[in-house]
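Undergrad: sequence unknown, structure follows:
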């Protein structure tokens with residue numbers, strides 16, 4: 001199930017005002033914002049390549065390489081486990097000031113970030129959303 005990113009980032013829809021005469025209800029806690037230092041680079045451990053449907057892919061060497069190296073296929077995306085070579089053992093980007101544009105555009109707390117956290121850092125995701 002895909003949850004709209006604006007609900008995850010803000011911690012959910014805005015609370016409705018209390019109705020007169022109703023007991024005060026407890027507000028749901030807001031989700032904490034992901035911290036890249038704590039996450040340790042989950043977004044830098046894999047990448048996706050968009051491809052056409054399997055039945056329409058050519059039988060060339062590139063398609064064969066994809067089939068041999070992809071970790072999994074999700075719809076028209078192939079997922080590859082491939083940790084960035086610039087990610088340090090501590091999970092930090094060693095070229096942060098000069099990182100590629102694709103990395104610069106990756107939004108901390110955005111829909112892609114949330115999806116990666118849910119899959120690769122489930123306990124950290126649980127902490128962020130529930131506070132366990």
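TA: On my side now, so go ahead. Since the structure is predicted, the reported quantities are computational estimates derived from the model, not experimental observations. Residues are numbered from 1 along each chain as shown.
Undergrad: All the helices of the chain, in order from the start?
TA: For the chain, the helices defined by DSSP state H cover 5-10, 36-39, 61-69, 101-104, 111-120, 122-130.
Undergrad: Buried residues, the second one. List them.
TA: This points to helix 36-39. By 16 or more other CB atoms under 10 Å, the buried positions in helix 36-39 come out as 36, 39. Using the backbone N, CA and C atoms, a C-beta is placed for each residue, glycine as well.
Undergrad: returning to what we had before: with mean pLDDT and distance to residue 79 as new columns, can the helices of the chain be given to me in JSON lines?
TA: Converted to JSON lines, those look like this (pLDDT from 0 to 100; distance: least, CB to CB, whole Å):
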{"stretch": "helix 5-10", "mean pLDDT": "35", "distance to residue 79": "20"}
{"stretch": "helix 36-39", "mean pLDDT": "90", "distance to residue 79": "18"}
{"stretch": "helix 61-69", "mean pLDDT": "83", "distance to residue 79": "10"}
{"stretch": "helix 101-104", "mean pLDDT": "92", "distance to residue 79": "16"}
{"stretch": "helix 111-120", "mean pLDDT": "91", "distance to residue 79": "10"}
{"stretch": "helix 122-130", "mean pLDDT": "90", "distance to residue 79": "17"}
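Undergrad: Which of those sits closest to residue 91?
TA: Residue 91 lies closest, by CB to CB, to one member of the helices of the chain: helix 36-39, at 7.1 Å.
Undergrad: just checking, what packs against that closest one?
TA: Here helix 36-39 touches no other helix or strand, going by 3 or more CB pairs under 8 Å, 6 or more residues apart in numbering; DSSP states H and E.
Undergrad: Not counting its own residues, what contacts it?
TA: Applying CB atoms under 8 Å, 6 or more residues apart in numbering, the contact partners of helix 36-39 are 91-92, 108, 117, 121, 124.
Undergrad: still on that earlier bit, could you single out the most deeply buried of the helices of the chain?
TA: Comparing those by mean neighbour count (mean count of other CB atoms under 10 Å), helix 111-120 comes out on top with a mean of 17.
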